[in-house]
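Undergrad: Provided below are the primary sequence and the corresponding predicted coordinates.
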Amino acid sequence: MNSGLEGIVAAETALSHVDGEAGELVIRGWRIEELAGRRSFEGMLSLLWTGLAPGWNDEADPRRVLGRARERAFAIAEPLFPALPDLAPVERLRLLLSALGDGEETPHPLLAVAAMPVFIAGLERLRQGAAPVAPDPRLSQAADFLRMLRGASASAAHVQALDTYLVTVADHGLNASTFAARIIASTRAGLFSAVIGALCALKGPLHGGAPGPVLDMLDAIGTAENIEPWLTGALAEKRRLMGFGHRVYRTRDPRADILKRVVIGLRGEGNRIRFAEAVEAVALRLLAARRQGRSLDTNVEFYTALLLEALGLPRAVFTSVFAMGRVAGWTAHILEQEREGRLIRPLSAYTGPAAGAA
Ligand code: ACO
């Protein structure tokens, strides 16, 4: 019995591969370094959905069609915004996604992808006491999200940084949320149900809920002098250092370096890259000293936190913004599972009393 399913191959996919020993992420034949910063998020969608979504191919320009789907998502959400209960942002996102019914009409994955920025920006504006802003279908997903969130156009540098982030996190093998999506898709429950299930898996701190706590950790450390004592104390108390360690990578997560370069390129308020680098260096040294034989390195969430903070996003929406990128991969995996997969139904090892002993 392997409770964490380490090393178990549970799906066949043509979408992405994580080589944990080499520290390599390949998406449809491209290394992630060849995609991030070179392809737009819309281009990444085309790459992932080719041959899976109806009428989709790698040459398609999904920008306009995605923009129109954002308008549709806004029309669905607008009457619901004022009625939402006071929940955490990612839980309110989950609630709004539930308004997209699996059975109402053929649920196109485009609506799932388009709904994310519309819902996240609208929810955050409401939290700040401002009215949600309607989408502009002419803009890219990244540019429109920042505009809807801020109520004003974002700089080209900010749009590019967010776009690179969305591409970097778009897909990543059989991570926990993608696996959850494929399990739900395997029962033929429907696309939106699978996306909502994936979001529920993502929100945990051991998966996509980590970047907010990364900033909490940097805040708590506070000064350069406090780095070593704080981290030593946390490890002595058996706390996990957020943004470090990974189930598959035994070396550095290649996405961490991509995002680090983006943060370095973003100068200005909210960019505490030098302090973060100092924390990272001490954390890696302490983790290596404690855990000989098991490499614990920096994961994607450490520099995600720095990047999203540098873009001025509140940490309450970090997990939702991760979902805004990862929904590209979720939808591709759902389509692939629906097309080719069988019902996923493993076995469990029974540890209760023998029959008749109760
Ligand atoms: N800090 C301190 N110790 C750690 C860390 C960490 N970040 N990560 C793992 N360890 C320790 C564990 O406590 C465990 O120690 P033990 O054997 O004494 O109990 C040992 O290393 C092995 O850990 P596992 O839990 O078996 O590793 P697993 O593969 O299950 O966990 C995970 C991977 C969840 C990412 C883990 O490294 C972690 O909790 N990291 C911190 C949270 C985080 O950064 N999450 C984002 C992950 S990236 C992503 O999902 C997008």
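TA: Good, I have the coordinates.
Undergrad: Not counting its neighbours along the chain, what's nearest Ile183?
TA: Leaving aside its sequence neighbours, Ile183 sits nearest to Ile344 (CB to CB, 6 or more residues apart in numbering; 4.8 Å). From N, CA and C alone the C-beta is placed, and that goes for glycine too.
Undergrad: Kindly apply the preceding question to Phe145 instead.
TA: With CB to CB, 6+ apart, the residue lying closest to Phe145 is Pro117, at 3.7 Å.
Undergrad: List the contacts of the residue nearest to Ile183.
TA: Ala10, Ala11, Arg182, Ile183, Ser186 (CB atoms under 8 Å, 6 or more residues apart in numbering).
Undergrad: now swap in Ala305 and tell me
TA: Ala305 neighbours (CB under 8 Å, 6+ apart): Ala210, Pro211, Gly212, Val214, Leu215, Leu218, Gly243, Arg315, Phe318.
Undergrad: Near the ligand, list only the ones from those.
TA: Near the ligand, judged by CB under 6 Å from any ligand atom, the entries from the contacts of Ala305 are Ala210, Gly243.
Undergrad: most neighbours, which of the contacts of Ile344?
TA: Ranked by neighbour count (other CB atoms under 10 Å), these have Arg182 at the top, with 24 neighbours.
Undergrad: So that residue belongs to a strand, correct?
TA: No: counting by DSSP: H, G, I helix; E, B strand; the rest coil, Arg182 is not found in a strand; it is helix.
Undergrad: wait, isn't it in contact with Ile334?
TA: Yes: counting by CB atoms under 8 Å, Arg182 does reach Ile334; the two are 7.1 Å apart.
Undergrad: Nearest to the ligand: which residue in the stretch 1-150 of the chain?
TA: Closest to the ligand within the stretch 1-150 of the chain is Gly4: 5.5 Å, counting by CB to the nearest ligand atom.
Undergrad: Three-state assignment for the residue nearest to that residue when sequence neighbours are not counted, please.
TA: The shortest distance from Gly4 to any non-neighbouring residue, by CB to CB, 6+ apart, is to Arg247 (7.1 Å). Under three-state DSSP, the three-state class of Arg247 is coil.
Undergrad: Pull up the gap between Arg247 and the ligand, please.
TA: According to CB to the nearest ligand atom, to the nearest Å, Arg247 stands 4 Å off from the ligand.
Undergrad: Helices of the stretch 251-358 of the chain, start to end?
TA: All helices of the stretch 251-358 of the chain, identified by DSSP state H, counting those that start in this stretch, fall at 254-265, 273-290, 300-310, 318-340.
Undergrad: Repeat that for the stretch 51-200 of the chain.
TA: Listed in chain order, the helices of the stretch 51-200 of the chain (DSSP H, counting those that start in this stretch) span 63-77, 89-97, 109-127, 141-150, 156-168, 176-186, 191-202.
Undergrad: Could you dump these into CSV with distance to Gly29 added?
TA: Formatted as CSV, those follow (distance: least, CB to CB, whole Å):
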stretch, distance to Gly29
helix 63-77, 23
helix 89-97, 31
helix 109-127, 21
helix 141-150, 23
helix 156-168, 15
helix 176-186, 19
helix 191-202, 24
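Undergrad: Neighbours of Arg138, how many?
TA: The burial count for Arg138: 10, using other CB under 10 Å.
Undergrad: show me the contacts for the closest residue to it other than its chain neighbours.
TA: Spatial nearest neighbour of Arg138, excluding adjacent residues (CB to CB, 6+ apart): Gly67 at 6.2 Å. For Gly67, the contact set (CB under 8 Å, 6+ apart) comprises Ala114, Pro135, Asp136, Pro137, Arg138, Leu139, Asp144.
Undergrad: per-residue confidence at Glu6?
TA: You'll see Glu6 listed with a pLDDT of 88.
Undergrad: got the contact list for it?
TA: Neighbour list for Glu6: Arg247 [criterion: CB under 8 Å, 6+ apart].
Undergrad: Three-state assignment for it, please.
TA: Strictly by three-state DSSP, Glu6 counts as coil.
Undergrad: let's have the chain start at 289 instead
TA: All right, first residue 289 from here; so that's Glu294.
Undergrad: Quick check: the gap between it and Leu462.
TA: As for Glu294, its distance to Leu462 is 12 Å (criterion: CB to CB, to the nearest Å).
Undergrad: Please apply the same query to Ala409.
TA: From Ala409 to Leu462 the distance is 30 Å (CB to CB).
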